[in-house]
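[1] All I have is the shape, not the residue letters:
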């Protein structure tokens, strides 16, 4: 029976989860693979903590000891961040080792370089755990959908944001309060900006879009809007109109070009993404042959992430044991994809104007919309107290995002209309 | 560039769908695979019809011409049924060719033999399209979940039944009426017995359970109950109590043994399977590391099925081009799994007693339940007209299916209680 030696670098939450999986299900895994697969070395700086988890004889405190070990054919990078992790992955690939990582931030920033390097060195750089946690969406997109043209990928890819929006909706909480609860419940970091600002979802949709569309999407060109300004009033109004507000990471083909964006959107109640609650992640796809499909599961956490790392490891073991020249489906990272400009995207829209209560406001708002060719579907005003700003909710027909931005800018310049006014996209059913 | 020659046998709905996929997306497919993949021969008895779809030079009217062609390395069997299809698959495997099929009925009946034969001959017998149509659930179960112990697989795997139950629920139709509508809409066959009787779902869960649990499940041992006796009254009452009635194909691990059954069940509204509407299929999984997950998509139709056939073909091309000895993850068909007896399974239950309207009926019903140690949660009676039978709905605490069957049998033997009385299982949330 062939033996595959694995080196693990980083023993935080995710690294420990993977170590636990191999301890618990390693035999089962090996028997399925028909090979013996073993973690033979674990690198972790915090050796005191690490000794509580890993047998002492496996432990080293310097990742270079893993890279230099010629027996090790697969390196699992679980350090996170974009500095040391970059060095580790580069060094491992240079040394001719296959690499598994969950590091979406690093791959979004440096993926074009690292995937190209891996290709050069004829090794695999695998990352199932980087997108959607335990949901096996990368393998599905790369392999199961190989006969399809993928037209649309829409994901709820940030568990923290979805948890917050769910709590805001179900308990009528303001954003700050829901964020605090999420932090207490362990669903949000002390610094939540990458999550609630949409950056984490953007990392993930960058990777998903790249592999769905077969070329590299430059992360820095992805427009990204978070959920920090979503209000309970907006959520309540949206619900009454038949929508849930969700942070959507969207990638779709428009006139042959991918459009890739992250934004909070109104999702129709009957859309499969509308009922995805709390920390759960989901990916909704539309393909020319498969049609619509939904994949849903735990988007984070040590165990779910470990499940995806094991999936990658299984694939690598297959190709190592079969002595295949190179496992996995090819992907060309050198072809950078030209993105469709977000300003040209068309959606039904939901405007929220925050206004003073006095004559002329409606005329100003509706005037700005009219001048930009935007057709009003319905208008709803919530008016509690003449002395306080009121909320003017306007649902409009399909319009370009650029038109809508211009109308919003013009309206916000009018006296009595707050520059905090905004709009959301409405997903089609 | 390496070339992989494919032979297609059978050009009905599904075969045509696959031919269309390869015509439309073949170049795209080939470029992803880095190989040229071509259908070089198509066997179809109805050559007149076939000539409208396939160039004449590819057509033959005898499948043996495909088997005898040494250039062909992959045979796609799209004939269906369990007679000729069996001969085709056997002959192809014997000739050393890889086989792709969507034929769940045949695999459920003869899988143990055919998978063993394929193993012997060192070829792959692939069948992604046989379960869940376009949903890539076989690959997910075999490959993506390789690090997990799969504890539970619950599917809505028969689109016809789900369409009928959805229409019955949303339009308050009796079964026969909803079936007629399904036939008109093209979602049910002229002879729907395999669908509404649960046999088709049983074929599929047989395959899914075998690969989830790593041994062969004998199809003939799967207890199977269909939806023909479900009434609008039951659906209405279930809805008022917070449940949808769905045909569930269930496979789970109980005391180390798999329990595999098909039955109509009450599914709690918040369970991800409850909101799966019409012809859509879905598979819900619980694993020790991944946790709960849901996969949803089109369960039938030419295009969705073709998507799964292409996925299998992609995997085969990978291993052929890489000159791997054998692609795919190993599976042992020779180990037949011992099933957990259905009588021992425990569920909350929903009894529907159909009774005369006279003193003593409640006492008889509750007496039979009490004698079998079944604890009543709530009782609801619908009483329209003294001269007609009335419906007595009883929700009870967790009880063994065997206990429930015995209680039902005893109650139905009492005078005034119909032998048409029945019970449903309630899925846990």
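    That came in fine, so what should we check first? Small disclaimer: the values here were computed from a predicted structure and weren't measured. Numbers count the residues shown, from 1 in each chain, chains lettered A, B, ... in the order given.
[2] ok, now which ones touch residue A:335?
    A:214-216 (C-beta atoms under 8 Å, 6 or more residues apart in numbering or on different chains). C-beta here means a position set from N, CA and C on the backbone, and glycine is covered the same way.
[3] again, only this time at 7 Å
    A:215-216 (C-beta atoms under 7 Å, 6 or more residues apart in numbering or on different chains).
[4] Verify the stated contact: residue A:270 with residue A:427.
    No - at 11.0 Å, residue A:270 does not count as touching residue A:427 under the criterion of C-beta atoms under 7 Å.
[5] all helices of the stretch 151-300 of chain A, in order?
    According to DSSP state H, counting those that start in this stretch, the stretch 151-300 of chain A carries its helices in the segments A:159-171, A:175-184, A:193-196, A:199-213, A:232-240.
[6] Report the distance from the fourth one to the chain centre.
    What separates the centre of helix A:199-213 from the centre of its chain is 7 Å, taken as C-alpha atoms, centre = their mean, to the nearest Å.
[7] who's in contact with it?
    A:104-105, A:107-108, A:111, A:127, A:130-131, A:137-138, A:141-142, A:150, A:153, A:155, A:157-158, A:194, A:216-217, A:219, A:222, A:224, A:247, A:249, A:251, A:258, A:260, A:262, A:331, A:337.
[8] and if you look at stretch A:384-393?
    Against stretch A:384-393 from outside (C-beta under 7 Å, 6+ apart): A:233, A:237, A:350, A:352-357, A:365, A:379-383, A:418.
[9] run the last query once more with 10 Å
    With contact meaning C-beta atoms under 10 Å, 6 or more residues apart in numbering or on different chains, stretch A:384-393 is reached by A:231, A:233-234, A:237-238, A:240-241, A:350-358, A:361-362, A:365-366, A:378-383, A:411, A:416-418, A:420-421.
[10] Mind listing what's buried along that stretch?
    A:389-393 (16 or more other C-beta atoms under 10 Å in any protein chain shown).
[11] Stretch A:91-108 too?
    A:91-93, A:95, A:97-108.
[12] Okay, and which of the residues you listed map to strands?
    Residues of the buried residues of stretch A:91-108 located in strands (DSSP state E): A:98-101.
[13] In CSV: those, plus distance to residue B:341 and pLDDT.
    Below are these laid out as CSV (distance: C-beta to C-beta, whole Å; pLDDT from 0 to 100):
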residue, distance to residue B:341, pLDDT
A:98, 45, 97
A:99, 47, 98
A:100, 42, 98
A:101, 46, 98
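[14] if we take those, which one ends up nearest to chain B?
    Of all these, residue A:100 has the smallest distance to chain B: 11.7 Å, by C-beta to the nearest C-beta.
[15] Surely the closest one touches residue A:138?
    No - counting by C-beta atoms under 10 Å, residue A:100 sits too far from residue A:138 to count as a contact (11.5 Å).
[16] Nearest spatial neighbour of whichever residue of the stretch 51-200 of chain A sits closest to chain B, chain-adjacent residues omitted?
    Minimum separation of the stretch 51-200 of chain A from chain B (C-beta to the nearest C-beta) falls at residue A:147, amounting to 2.4 Å. Nearest residue to residue A:147 in three dimensions, chain neighbours excluded: residue B:310, at 2.4 Å (C-beta to C-beta, 6 or more residues apart in numbering or on different chains).
[17] the inter-axis angle of whichever strand or helix holds residue A:347 versus helix A:232-240?
    Using DSSP states H and E, residue A:347 sits in strand A:346-355. Interaxial angle, strand A:346-355 versus helix A:232-240 (axes from the mean of the first three to the mean of the last three C-alpha atoms, to 10 degrees): 140 degrees.
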